[in-house]
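>>> Show me how the following folds:
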Amino acid sequence: MASCSSNAANDIYRLMFKTAFSQQARSFSSSARSAKSSTNQFVLGASLIAGASGLAYYAVSPKALTDPNEWVSLPLIESKQVNHNTKTLKFALPTEDHVIGLNVASALLTKYQGPNDEKPTIRPYTPISDEDAKGYVELMVKKYPNGPMSTHLCELEADQRILFKGPIEKYKYEANKHSTVGLLAAGTGITPMYQLIRAIMKNPEDKTKIVLVSCNITVEDILLKHEFEKLEQLHPDRFKAFYLLEKAPNDWPGQPGRISKELLKTVLPGPGVKDFKAFVCGPPGFYAAVCANKKSPKDQGDLGGLLAELGYSKDQVFKF
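Numbering: from 1, shown residues only. Have a look, this model is predicted:
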């Protein structure tokens, strides 16, 4: 892609996300009404109490994961092949009323120790199921040739169990804290981005705009594309996704190649937009190229890579 000046990039950005619909003010009025008799007042009061109790009962669901230090065993109930090396795995929660117990943006840990393993293997995953989903939690797992946990998970059969622990909070998201978020992902690094996008879009009070850049090797490697396309159709003025392919076919309508400064300058607001936030997730090489790797799971480290070269500050970038 040809390099763009910062003014041209900002013009493109403004055109891309120009507000399609104006907000309409709504007003509500109410008037007091007196009860006709004490009997009616009693019935109304009893109904309100019963209704409130019912709402409270259904609004609060038990959580499967309540202690970050406690492992919980959950059985596999469904497995689906997504592509040549990726599966979705659905695990049953203790009851049909349970929710997993995660907030946005947070993850969970999985643990497995084989009969010949000296120590257990522990890996983090971000579920693709909604945080409010009852009775199950769903993971998207890419099987790596030398990945002991991903291999074990992808080879699980129905009713076999895995240990889970959490929640592991990554970033405490607040609605409308950022005017725009830029989500830069490679491979299964797309899962925390999906969690964040879903939370933003299902909150009618959250007006945050989203730019997603999903980097993959081939068309078959693009994950959750159908879900993102539906969200783009529903929110064309707030959500835009870009897909990069290293091995793009001749008829590929998107961008070929790897993530670059030129692309980021075109699709993201400039570093002068102080309430902009970029989120990055992917393999170590992707972090190194885009923003520099974290020093540790809890230490974001210094900002480097493409985002630093473009002038963004450390406070404008979060590394999952």
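>>> C-alpha only now, for contacts and for neighbours.
Will do.
>>> In the stretch 151-300 of the chain, what residue spans correspond to strands?
161-169, 180-186, 209-216, 239-245, 255-256, 277-281 (DSSP state E, counting those that start in this stretch).
>>> okay if I get those strands as a markdown table plus mean neighbour count, mean pLDDT and distance to E118?
What follows is the strands of the stretch 151-300 of the chain, written out as a markdown table (neighbours: other CA atoms under 10 Å; pLDDT from 0 to 100; distance: least, CA to CA, whole Å):
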| stretch | mean neighbour count | mean pLDDT | distance to E118 |
| --- | --- | --- | --- |
| strand 161-169 | 19 | 96 | 17 |
| strand 180-186 | 25 | 99 | 32 |
| strand 209-216 | 24 | 98 | 35 |
| strand 239-245 | 20 | 97 | 39 |
| strand 255-256 | 18 | 88 | 44 |
| strand 277-281 | 22 | 99 | 30 |
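>>> I'd like those as CSV, with distance to A199 appended.
Shown next, in CSV, are those (distance: least, CA to CA, whole Å):
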stretch, distance to A199
strand 161-169, 15
strand 180-186, 13
strand 209-216, 12
strand 239-245, 13
strand 255-256, 27
strand 277-281, 15
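>>> Check the gap between the most centrally placed residue in the chain and H84 for me.
Centroid-nearest residue in the chain: Q195, 2.0 Å away (criterion: CA atoms, centre = their mean). Here Q195 is placed at a distance of 23 Å from H84 (CA to CA, to the nearest Å).
>>> backbone phi and psi for the spatially closest residue to the residue nearest to the centre of the chain that is not a sequence neighbour, please?
Computed as CA to CA, 6 or more residues apart in numbering, the closest residue to Q195 that is not its neighbour in sequence is I128, at 6.5 Å. Note on I128: backbone dihedrals following degrees, to the nearest 10 are phi -100, psi -10.
>>> residue contacts, I128?
Residues near I128 by CA atoms under 8 Å, 6 or more residues apart in numbering: 137-140, 191-192, 194-195.
>>> K80 too?
If you count contacts by CA under 8 Å, 6+ apart, then K80 has 87-89 around it.
>>> Which of those fall within strands?
The strands, defined by DSSP state E, take in 87-89 from those.
>>> Just name the closest of the residues you listed to T208, please.
Within these, proximity to T208 (CA to CA) peaks at T88, which comes in at 28.6 Å.
>>> ok, back up a step: what sits against the residue nearest to the centre of the chain?
104-105, 126-128, 130.
>>> And those, which is closest to N250?
I128 (31.3 Å).
>>> and of the strands of the stretch 151-300 of the chain, who's closest to H98?
Using CA to CA, the strands of the stretch 151-300 of the chain put strand 161-169 closest to H98, at 14.6 Å.
>>> Dig out what the residue lying closest to K170 once chain neighbours are set aside forms beta bridges with.
Distance criterion CA to CA, 6+ apart; nearest residue to K170, sequence neighbours excluded, is S106 at 4.9 Å. Using DSSP bridges, the bridge partners assigned to S106 are E169.
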